[in-house]
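Asker: Provided below for reference: sequence and predicted model.
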Amino acid sequence: MSELRNVSRIRAEGVLDEFSYDIRYGGSDDAGRIRVIYAPNGRGKTNFIKAVSYLLTPSLESLQALIEVPIRKLTVEFEGGGSVGIARQAAFAGSFTATANLPLESGEKHTLAIEPSDFAGRLYRRVWDERQDFNQYVEAATALTTGAALIGDDRLALSVDETRESIRGDAVYGSPRRKGPGSVGRLLDRVERMLSQSAFAGLARETAAAGVYAQITRTTLAGSKNLTSTSARLALESKIADLIRAGAAYEPYGLLSLRQLRDISSQLTEARQNSGQLPTLHRILNPYLDSVQDQVESLAPALQLIDTFVTGVNNFLDRKELRFSTAHGISLVGGGDGVRLQPDVLSSGERHLLYLMSHAILATADRPLLVIDEPELSLGIDWQRNLLPELLRCTASAGVQFLVASHSLQVMNAVPRRDIVLPGED
């Protein structure tokens, strides 16, 4: 099944054996992609969002993690039909049954019984790999969803290995530009690769379609189209001006160079108004200008992706700037003196922001459900207020969905009241 289905509804019962959640997605506006959970401490919201993330990521590790999550029943439904779910006798029972229901056109239903003892022993992974019911369940669940990305409230905590490497002063990212602890640098490396690959893909499309020299040969041999010197000049000047205007946004990111176009424009300005060479020049230059137009169009998706991330981050940063170019990748610089900065020298709030924005732009590739616990951590009031709208803007082209748990009034005020979910009691 190749169709990707958005989540339409998430229902949970018996969270901590006491609470329930019912979340419905949809709506005509952009906010229909996001739902925010608010609940006092102790209402099981973190357990709930963890369970959703594990359920939507069908793997052996996720099934094992679900054993420890105290929830009695959880069902995720998808647009167009189909669902995945788990059910157990009591929230703290451990054992559960996982189910993947494909849409009505196939009618397939796959169930999988999970026991804590199934994960005992050194060879349990080999046993699971050979279980037909496990493989069928994973295949069915994967056909329904591309998974979920859980961004927990411990997102900047260091692992044991990172702490050791930090003490030794090792570069943990495999990149001389990003030394120091934490996962923000590694995320930026992933984003950099994604943005660069998008640019290279656009260049490859343009190169395959260009054939500019063949076009020049063809038009030159075809002869003049009886253009006057004046009409040839006007046509060239208009086309070059349009290309320079359209290409200006591409230059800062190294996607396109307009130097040659500006040089041609300057020479045209200096040429005599009625130069007899202008019709010939038009015949020669027009295929080249068409090839530049092809470049602009081929690189448009890359520009949108790059500009969305760069401007999104810089809308928040103060006295610092994030930059990207195809030649140098991502860099962080101080706003006053332009000195390059490493991610580990940023404030906690800035690192949290980069972490969230990086996950958002990466999610546009595979479109998992982004699950965020307490996005407000370390963020000032203005950043809390603007964060969710910016995450929605950054992911609008891919329609990424969000499930957010928050205590912040500023975060919640960024979405309509109808999109805030409160827990019920069983």
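Answerer: That came in fine, so what should we check first?
Asker: Tell me where the model's unsure across the stretch 251-400 of the chain.
Answerer: Within the stretch 251-400 of the chain, no stretch has pLDDT under 70.
Asker: all helices for it, in order.
Answerer: 259-270, 278-298, 300-314, 348-366, 381-394 (DSSP state H, counting those that start in this stretch).
Asker: Then the stretch 51-200 of the chain?
Answerer: 60-66, 124-129, 132-144, 160-168, 184-209.
Asker: Could you check how far A140 is from L55?
Answerer: The spacing between A140 and L55, counted by Cβ to Cβ, to the nearest Å, is 13 Å. Glycine gets a C-beta too; all of them are placed from N, C-alpha and C.
Asker: Likewise for S8?
Answerer: From S8 to L55 the distance is 15 Å (Cβ to Cβ).
Asker: Also A113?
Answerer: 16 Å.
Asker: M357 too?
Answerer: M357 is 26 Å from L55, by Cβ to Cβ.
Asker: Keeping just the C-alphas, turn the helix or strand harbouring A246 into PDB.
Answerer: Assessed by DSSP states H and E, A246 sits inside helix 229-247. Written as PDB, here are the backbone C-alpha positions of helix 229-247 (Å, rounded to 0.1, in the frame of the first residue of the first chain):
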ATOM      1  CA  SER A 229      17.400  45.800 -33.100                       C
ATOM      2  CA  THR A 230      15.000  47.600 -30.800                       C
ATOM      3  CA  SER A 231      12.700  44.500 -30.300                       C
ATOM      4  CA  ALA A 232      15.700  42.300 -29.800                       C
ATOM      5  CA  ARG A 233      17.100  44.600 -27.100                       C
ATOM      6  CA  LEU A 234      13.800  44.900 -25.300                       C
ATOM      7  CA  ALA A 235      13.200  41.100 -25.300                       C
ATOM      8  CA  LEU A 236      16.700  40.500 -23.900                       C
ATOM      9  CA  GLU A 237      16.500  43.300 -21.300                       C
ATOM     10  CA  SER A 238      13.100  42.100 -20.100                       C
ATOM     11  CA  LYS A 239      14.100  38.500 -19.900                       C
ATOM     12  CA  ILE A 240      17.300  39.200 -18.100                       C
ATOM     13  CA  ALA A 241      15.600  41.600 -15.600                       C
ATOM     14  CA  ASP A 242      13.000  38.900 -14.800                       C
ATOM     15  CA  LEU A 243      15.700  36.300 -14.200                       C
ATOM     16  CA  ILE A 244      17.800  38.500 -12.000                       C
ATOM     17  CA  ARG A 245      14.600  39.400 -10.000                       C
ATOM     18  CA  ALA A 246      13.600  35.700  -9.700                       C
ATOM     19  CA  GLY A 247      17.100  34.400  -9.000                       C
END
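Asker: list the buried ones in that helix?
Answerer: Buried residues in helix 229-247, defined by neighbour count with 16 or more other Cβ atoms under 10 Å: S229, A232, R233, A235, L236, K239, I240, L243, A246, G247.
Asker: Same check on stretch 362-371?
Answerer: L362, A363, T364, R367, P368, L369, L370, V371.
Asker: Any chance you could give me it in CSV, C-alpha atoms only?
Answerer: C-alpha atoms of stretch 362-371 as CSV (Å, rounded to 0.1, in the frame of the first residue of the first chain):
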residue,chain,number,x,y,z
LEU,A,362,13.5,16.6,8.8
ALA,A,363,9.9,15.5,9.3
THR,A,364,8.9,17.0,5.9
ALA,A,365,10.8,14.1,4.2
ASP,A,366,9.0,11.1,5.8
ARG,A,367,6.0,12.8,7.4
PRO,A,368,5.9,11.0,10.8
LEU,A,369,3.6,12.3,13.5
LEU,A,370,5.8,14.7,15.5
VAL,A,371,5.1,14.1,19.2
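Asker: which other residues reach it?
Answerer: With Cβ atoms under 8 Å, 6 or more residues apart in numbering as the test, stretch 362-371 has contacts from 4, 7, 49, 52-53, 56-57, 145-151, 187, 190-191, 194, 305, 359-360, 391, 394-395, 397-404.
Asker: Between the buried residues of stretch 362-371, which sits nearest G276?
Answerer: Of all the buried residues of stretch 362-371, T364 has the smallest distance to G276: 52.6 Å, by Cβ to Cβ.
Asker: Against G42, how distant is that closest one?
Answerer: Taken as Cβ to Cβ, the span from T364 to G42 is 35 Å.
Asker: List the contacts of N6.
Answerer: Y25, F78, E79, G399, Q401.
Asker: Out of those, which sit inside strands?
Answerer: F78 (DSSP state E).
Asker: Let me know the closest of the buried residues of stretch 362-371 to L379.
Answerer: Taking the buried residues of stretch 362-371 together and measuring to L379 by Cβ to Cβ, the closest member is L370, at 16.6 Å.
Asker: Centre of the chain to stretch 119-137, how far?
Answerer: 32 Å (Cα atoms, centre = their mean, to the nearest Å).
Asker: picking up where we left off before, just send the helices of the stretch 251-400 of the chain back as JSON lines, with distance to D118 too.
Answerer: Output for the helices of the stretch 251-400 of the chain, formatted as JSON lines (distance: least, Cβ to Cβ, whole Å):
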{"stretch": "helix 259-270", "distance to D118": "64"}
{"stretch": "helix 278-298", "distance to D118": "51"}
{"stretch": "helix 300-314", "distance to D118": "42"}
{"stretch": "helix 348-366", "distance to D118": "29"}
{"stretch": "helix 381-394", "distance to D118": "38"}
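Asker: what's the closest of these to L74?
Answerer: helix 348-366 (21.8 Å).
Asker: That closest one to helix 184-209, inter-axis angle?
Answerer: 40 degrees (axes from the mean of the first three to the mean of the last three Cα atoms, to 10 degrees).
Asker: Buried residues of helix 348-366, list them for me.
Answerer: In helix 348-366, counting by 16+ other Cβ under 10 Å, buried: 349-364.
Asker: residues in contact with E108?
Answerer: N101, L102, A140.
Asker: again, 10 Å this time
Answerer: By Cβ atoms under 10 Å, 6 or more residues apart in numbering, the contact set of E108 is G82, A100, N101, L102, Q136, E139, A140, A143.
Asker: low pLDDT regions in the stretch 51-200 of the chain?
Answerer: Ranges of the stretch 51-200 of the chain meeting pLDDT under 70: 158-182.
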